[in-house]
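Participant: Pasting a predicted model and its sequence here:
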Amino acid sequence: MGVVIETQNLTKSYPTGAGDLPVLHGVDFTLESGEFTAIMGPSGSGKSTFMNILGCLDRPTSGVYKLLGEEVAKLSPDQLAHRRLHYIGFVFQGFNLLPRADLLENVSLPLLYARLPAQQRKIRAMEMLEQVGLAPWAKHRPSQVSGGQQQRAAIARALVAKPSLILADEPTGNLDTQTSDEIMALLSRLNDEGITLVLVTHEPDVARYAKRLTRFRDGLLVEDSPVLDRRRP
Ligand code: ADP
Ligand code: MG
């Protein structure tokens with residue numbers, strides 16, 4: 001089992017008009033291949049900030065972040081873009097699909113950056129839509145399908161470049177209970193198949209699908225423990 005994520009004394013401050021706002025105060029965190037952790041914590045405790053750093057969407061102010069053994073701060077922009085595309089899939093609360101593109105185009109978009117030929121992009125994106133049960137909706141736009149289907153499409157998009165890690169920031173935050181259980185069943189299945197997963201949620205019932213619970217408070221990791229009453233789909 002390899003280490004996928006390792007942070008050492010990670011801090012983040014945001015510059016504001018009134019000076020620097022410290023948000024993360026020194027986070028040490030390790031995630032091994034195959035793990036599935038749920039990050040919980042009050043609003044404003046730094047969960048999204050942490051996830052954005054893990055996803056290489058943002059940089060820490062100080063401390064070390066190693067992704068699959070490589071120190072992210074030392075990667076060139078090209079190397080970083082490559083890691084972001086092929087190692088990590090990001091799923092957001094608001095789905096973040098392109099409204100004017102159909103689901104197939106949305107899912108195939110990351111492969112454009114991978115410079116895959118059009119026909120292969122289409123084939124691979126269609127495979128992903130099949131995996132999440134959306135093949136019949138491939139030609140529909142996001143607004144023509146339900147919220148749960150949009151999130152499944154976003155998960156297919158996150159998977160299309162075959163990452164080893166999925167980062168999901170409140171992926172069920174906009175969904176009703178039944179739909180959110182469906183999304184968690186899908187994420188649980190992906191973890192069973194070998195994908196490493198970090199999920200942010202404020203709902204205990206959603207967190208219990210994970211194997212591990214990581215709790216943030218005021219920019220610090222205050223608890224990290226196994227989930228004892230794990231929910232299975
Ligand atoms: P959470 O996801 O746990 O709700 P966030 O990581 O989104 O928390 O935010 C933590 C704190 O950082 C909040 O006080 C928020 O207002 C602040 N913050 C987040 N992003 C920025 C930003 N880009 N600029 C300034 N402050 C920010
Ligand atoms: Mg957040």
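Facilitator: All right, it came through fine. Numbering: from 1, shown residues only. Ligands and ions are numbered 1, 2, ... in the order given.

Participant: The spatially closest residue to Gln150 that is not a sequence neighbour - how many residues pack around it?
Facilitator: Closest residue to Gln150 apart from its sequence neighbours, by CB to CB, 6 or more residues apart in numbering: Phe95 at 4.5 Å. Any C-beta I mention is one placed from the backbone N, CA and C, and that applies to glycine too. Using other CB atoms under 10 Å, Phe95 has 20 other residues around it.

Participant: for Phe95, what are its contacts?
Facilitator: 142, 147, 150-151, 153-154, 174 (CB atoms under 8 Å, 6 or more residues apart in numbering).

Participant: so is the residue of the chain found nearest ligand 2 in a helix, a strand, or just coil?
Facilitator: Closest residue of the chain to ligand 2, CB to the ion: Ser48 (3.2 Å). On the three-state scheme (DSSP: H, G, I helix; E, B strand; the rest coil), Ser48 is labelled helix.

Participant: Does the most centrally placed residue in the chain lie in a helix or a strand, and which?
Facilitator: Centroid-nearest residue in the chain: Leu167, 1.6 Å away (criterion: CA atoms, centre = their mean). Here Leu167 is covered by strand 165-169, with elements defined by DSSP states H and E.

Participant: Repeat that for Glu127.
Facilitator: Using DSSP H and E, Glu127 falls in helix 118-131.

Participant: With only the CA atoms kept, save whichever helix or strand comes after that helix in PDB.
Facilitator: Once the chain leaves helix 118-131, the next helix or strand it forms, by DSSP H and E, is helix 147-159. This file holds the C-alpha atoms of helix 147-159, laid out as PDB (Å, rounded to 0.1, in the frame of the first residue of the first chain):
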ATOM      1  CA  GLY A 147     -29.300  16.800  -9.900                       C
ATOM      2  CA  GLY A 148     -28.300  13.200  -9.100                       C
ATOM      3  CA  GLN A 149     -27.700  12.600 -12.800                       C
ATOM      4  CA  GLN A 150     -25.600  15.700 -13.100                       C
ATOM      5  CA  GLN A 151     -23.500  14.700 -10.100                       C
ATOM      6  CA  ARG A 152     -23.000  11.200 -11.700                       C
ATOM      7  CA  ALA A 153     -21.900  12.900 -14.900                       C
ATOM      8  CA  ALA A 154     -19.400  15.000 -12.800                       C
ATOM      9  CA  ILE A 155     -18.100  11.800 -11.200                       C
ATOM     10  CA  ALA A 156     -17.700  10.300 -14.700                       C
ATOM     11  CA  ARG A 157     -15.800  13.400 -15.700                       C
ATOM     12  CA  ALA A 158     -13.600  13.100 -12.600                       C
ATOM     13  CA  LEU A 159     -12.800   9.400 -13.600                       C
END
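
Participant: Between helix 118-131 and helix 147-159, find me the angle.
Facilitator: 130 degrees (axes from the mean of the first three to the mean of the last three CA atoms, to 10 degrees).

Participant: and for helix 147-159, what are the contacting residues?
Facilitator: Helix 147-159 is contacted from outside by 89-92, 95-97, 103, 106-107, 109-110, 125, 128-129, 131-134, 137, 142, 145, 166, 171-172, 174-175, 179, 182-183, 186-187, 190, 195, using CB under 8 Å, 6+ apart.

Participant: which among the residues you listed end up buried?
Facilitator: In the contacts of helix 147-159, burial by neighbour count holds for 89-92, 95, 97, 103, 106-107, 109-110, 125, 128-129, 131-132, 134, 137, 142, 145, 166, 171-172, 174-175, 179, 182-183, 186-187, 190, 195, counting by 16 or more other CB atoms under 10 Å.

Participant: tell me what the helix holding Glu127 is packed against?
Facilitator: Contact here means 3 or more CB pairs under 8 Å, 6 or more residues apart in numbering; DSSP states H and E; on that basis helix 118-131 packs against helix 103-113, helix 147-159.
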